[in-house]
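Novice: here you go, sequence then predicted model.
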Amino acid sequence: MNKEPIIVKSHDIHLDSEYTQWIHEIKERYRNTQIKAAVKVNSEQLLFNWLLGKDLVTRKAEEKWGTGIVEQVSLDMQNEFPHAKGFSTTNLWNMKKWFLFYSSNYEKLQLLVGEMDTTEIKSKTGNVLQHLKLQQVVGEMEFPKIFAFVPWGHHIQIITKCRSAEEAAFYIKKIATEGWSRSTLINYIESDYYGKSGGAISNFDTQLPSVQSKLAQAITKETYDLGFITLPPDYAEEDLEDALEKNITQFLLELGKGFAFVGRQKEIIVAGKARKIDMLFYHIPLKCYIVVELKVKSFEPEFAGKLNFYVNAVDELMKTHDENPTIGLLICKNMNQTEVQWAFQGIRTPMGVATYDKVKMKEIEKQLPSVEEIQARIERAEEEFKLNLQNK
């Protein structure tokens with residue numbers, strides 16, 4: 001939050017709007033300096049970790065000096081630098097594992113992060129855009145510059161939990177551009193955000209320009225995790241919509257970055273007849289509306305026709321000339337890939353189909369007897385007990 005400048009009462013100065021603007025620029029300049037310094041420090045530390053991990057691998061340290069050499073290096077470094085952190089045996093093993101993870105996939109990694117290194121990365125602090133100009137290792141393997149925007153603890157989580165260089169590069173880019181905390185990273189990895197991203201079956205590649213097509217595919221998922229809602233066992237589409245609207249914040253998080261909620265059961269008038277869209281969103285980076293239709297059963301070909309109708313209607317009635325074509329997204333209980341692909345043939349609007357899972361079911365309430373019923377049962381039991389005694 002920007003604070004107002006402190007006004008000092010003096011006969012020697014006069015503070016006006018020009019001064020306010022100037023002091024704001026000074027603050028931003030200093031903030032940028034702090035960010036650059038933090039990135040530089042992180043870069044140098046990571047570069048050290050990378051080179052030490054490389055040494056342990058390329059020098060074949062364990063073969064040359066014995067299986068306890070990592071522990072010995074740890075002791076020597078801690079004795080020399082007693083106040084420094086990061087020289088534990090565990091951390092040294094992580095350095096070696098870090099280098100090994102990427103060295104075995106190095107050519108693939110270069111292709112994956114090469115584009116990232118030349119693009120502007122949004123800083124986590126102050127919304128500052130900077131070109132990465134960081135030191136590289138001269139030699140056979142260069143240190144990927146984008147690594148400097150990822151804290152060491154995040155790197156350890158990535159190499160421990162990710163299964164491929166592609167998956168690792170995906171999370172590295174997300175951390176660098178969106179400023180994820182370590183707990184956020186862990187949650188996304190454990191929910192397989194990488195596996196679910198860009199997995200919807202779609203016709204984006206044929207119905208959208210290349211750049212927009214790639215972004216549209218990237219923002220969709222194969223399966224949406226709706227574990228944050230609870231529904232009755234025999235729930236209907238209306239119940240699903242109700243639950244998503246009540247938990248719209250969590251649903252927006254599940255949809256991904258850039259989605260804005262426009263409304264539920266959004267009414268549009270076509271040929272004098274009112275029609276209602278299940279849920280309507282706007283994607284800010286794509287600069288387009290996204291029509292979301294929900295189905296609580298498996299995909300049927302006729303669903304594509306209805307979605308196509310709504311997408312065309314939004315294009316005609318709501319989209320402005322400077323906005324991109326509306327996208328349709330059908331989220332259903334299940335789908336068959338062949339059925340979806342055949343249903344898309346001949347459709348000229350951009351659409352995708354995904355599924356949802358992990359909805360929690362409400363427990364059926366047990367029918368408990370009333371107080372009166374319990375009292376009546378007790379009285380009957382007492383009478384039966386007395387009769388049994390008399391009969392004896």
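Specialist: Ah, there it is. Numbers count the residues shown, from 1 in each chain.

Novice: what mean pLDDT does the helix or strand where Lys306 lies have?
Specialist: According to DSSP states H and E, Lys306 maps onto helix 301-317. The average pLDDT within helix 301-317 is 96.

Novice: next helix or strand past it?
Specialist: Next along the chain from helix 301-317, counting by DSSP H and E, comes strand 327-332.

Novice: just want the angle from that following strand to helix 301-317.
Specialist: 150 degrees (axes from the mean of the first three to the mean of the last three Cα atoms, to 10 degrees).

Novice: what helices and strands are in contact with strand 327-332?
Specialist: strand 288-294, helix 301-317, strand 351-357 (3 or more Cβ pairs under 8 Å, 6 or more residues apart in numbering; DSSP states H and E). (Each C-beta comes from the backbone N, C-alpha and C, glycine too.)

Novice: angle of the following helix or strand past it against helix 301-317?
Specialist: Downstream of strand 327-332, the first helix or strand assigned by DSSP H and E is helix 337-344. For helix 337-344 against helix 301-317, the angle by the same axes, to 10 degrees is 40 degrees.

Novice: would you mark the buried spots in helix 337-344?
Specialist: Buried residues in helix 337-344, counted by 16 or more other Cβ atoms under 10 Å: 339-340, 343-344.

Novice: tell me the pLDDT at Leu240?
Specialist: 95.

Novice: what sits against it?
Specialist: 229, 231, 294, 296, 359 (Cβ atoms under 8 Å, 6 or more residues apart in numbering).

Novice: nearest to Leu255, of those?
Specialist: Leu294 (12.7 Å; Cβ to Cβ).

Novice: so what pLDDT did the closest one get?
Specialist: pLDDT, Leu294: 96.

Novice: for it, grab the count of nearby residues.
Specialist: 18 (other Cβ atoms under 10 Å).

Novice: once you drop chain neighbours, what's closest to it?
Specialist: Asp278 (4.9 Å; Cβ to Cβ, 6 or more residues apart in numbering).

Novice: that neighbour and Gly263 touch, don't they?
Specialist: No. Applying Cβ atoms under 8 Å as the test, Asp278 and Gly263 come out as separate, 10.2 Å apart.

Novice: just to revisit the earlier point, redo the contacts of Leu240 as TSV? Include secondary structure and distance to Asn334.
Specialist: Converted to TSV, these look like this (DSSP: H, G, I helix; E, B strand; the rest coil; distance: Cβ to Cβ, whole Å):
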residue	secondary structure	distance to Asn334
Ile229	coil	18
Leu231	strand	16
Leu294	strand	13
Val296	coil	10
Val359	coil	13
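
Novice: which PyMOL command selects the buried ones in those?
Specialist: Of these, the buried ones go into a single PyMOL selection, burial set by 16+ other Cβ under 10 Å:
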select buried, resi 229+231+294+296+359
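
Novice: in the stretch 151-300 of the chain, where is pLDDT below threshold?
Specialist: Within the stretch 151-300 of the chain, the segments meeting pLDDT under 70 span 196-199.

Novice: so where do the strands sit in the stretch 101-250 of the chain?
Specialist: Ranges of strands in the stretch 101-250 of the chain, per DSSP state E, counting those that start in this stretch, are 121-122, 129-130, 201-202, 223-225, 230-231.
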